[in-house]
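Asks: Return a 3D structure for these sequence lines:
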Amino acid sequence: MSNINGKVYALNVITPMKTWKTWILRTVFFVLGHVKPLQSDLINLSFIEFARWVIIPRRAFPCLGKGQRPEELKYDYLLFFSNFNGTWNQYIDAFSAVLSRGLNLIWRWSEKFPGSVPVTPFKEYIARVQFDTDYYYTAYPHATANDLKSAHVVQSSFDALTAVAAQSTPKQFADAYLRFVLQVQAHLGETGEAPAVG
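Replies: Model (predicted):
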């Protein structure tokens with residue numbers, strides 16, 4: 001599938017909204033952007049590398065001129081873009097389980113949105129409004145967001161070990177090395193292709 005690059009999966013969702021609902025959703029986004037505690041559940045889902053919602057008004061679609069007529073659209077559109085680690089099912093399940101209230105607050109203005117709970121109709125809805133991604137950039141396609149966080153822990157612990165190594169006795173170094181191994185052992189992951197899910 002074109003949406004997968006290493007361990008990273010891209011999700012693009014486009015949903016129509018009646019134009020009178022757009023100002024309500026803009027207000028919701030304003031509140032979410034300025035009240036940081038409301039973002040904590042999304043931030044705590046550590047397998048999400050990126051998530052963004054964008055509203056495109058029906059009269060704001062680009063027109064390149066030279067014979068192209070402007071679109072005559074009935075709806076405004078809500079676009080959702082995200083990169084995450086794991087499978088599509090895991091992502092949608094986590095969204096439904098952890099962020100159901102927030103998702104309902106945002107997507108309820110879109111046409112025919114069934115709600116994020118129960119998860120089966122929500123998955124069917126996302127599958128209908130999702131579009132494949134042909135190209136996208138990821139700096140570390142063979143590493144998850146948690147792999148990168150762990151790499152920083154390993155590097156900082158290793159830097160601390162090297163700082164004390166030069167002036168340590170063999171016994172002091174052995175103790176420092178043991179502390180280093182205990183600090184980083186839970187952070188020694190594996191990069192590469194995501195495991196196949198059957």
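Asks: how about low-confidence regions in this protein?
Replies: Within the chain, the ranges that satisfy pLDDT under 70 run 1-6, 42-47, 190-198.
Asks: so where do the strands sit in it?
Replies: Using DSSP state E, the strands of the chain run over 4-5, 8-17, 48-56, 76-85, 130-131.
Asks: just the angle between the second one and strand 48-56, please?
Replies: For the pair strand 8-17 and strand 48-56, the angle between their directions (axes from the mean of the first three to the mean of the last three CA atoms, to 10 degrees) equals 20 degrees.
Asks: What are the contacting residues of strand 8-17?
Replies: 3-4, 25, 49, 55, 74-88, 91, 107, 109-111, 113, 126, 129-133, 136, 138, 141, 144 (CB atoms under 8 Å, 6 or more residues apart in numbering). Every residue, glycine included, has its C-beta placed from N, CA and C.
Asks: so Tyr177 touches Ala160, yeah?
Replies: No: using CB atoms under 8 Å as the test, Tyr177 is too far from Ala160 to be in contact (11.3 Å).
Asks: which one's the longest helix in the protein?
Replies: helix 145-165 (DSSP state H).
Asks: Buried residues, that helix. List them.
Replies: Residues 145, 147, 150-151, 154, 157, 161 are the ones in helix 145-165 that count as buried (16 or more other CB atoms under 10 Å).
Asks: Off-centre distance for it?
Replies: Counting by CA atoms, centre = their mean, to the nearest Å, helix 145-165 is centred 25 Å from the centre of its parent chain.
Asks: What subset of the contacts of strand 8-17 is buried?
Replies: Buried members of those, counted by 16+ other CB under 10 Å: 3, 25, 49, 55, 75-78, 80-86, 88, 91, 107, 109-110, 113, 126, 129, 133, 138, 141, 144.
Asks: where's the spatially most central residue of the chain relative to Val129, distance?
Replies: Nearest to the mean C-alpha position of the chain, counting by CA atoms, centre = their mean, stands Ile48 at 3.1 Å. Counting by CB to CB, to the nearest Å, the gap from Ile48 to Val129 is 19 Å.
Asks: Repeat that for Ala160.
Replies: With the distance defined as CB to CB, Ala160 ends up 48 Å from Val129.
Asks: before we move on, the earlier item: could you dump the strands of the chain to JSON lines with distance to Lys36?
Replies: JSON lines is the format used below for these (distance: least, CB to CB, whole Å):
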{"stretch": "strand 4-5", "distance to Lys36": "31"}
{"stretch": "strand 8-17", "distance to Lys36": "24"}
{"stretch": "strand 48-56", "distance to Lys36": "15"}
{"stretch": "strand 76-85", "distance to Lys36": "20"}
{"stretch": "strand 130-131", "distance to Lys36": "29"}
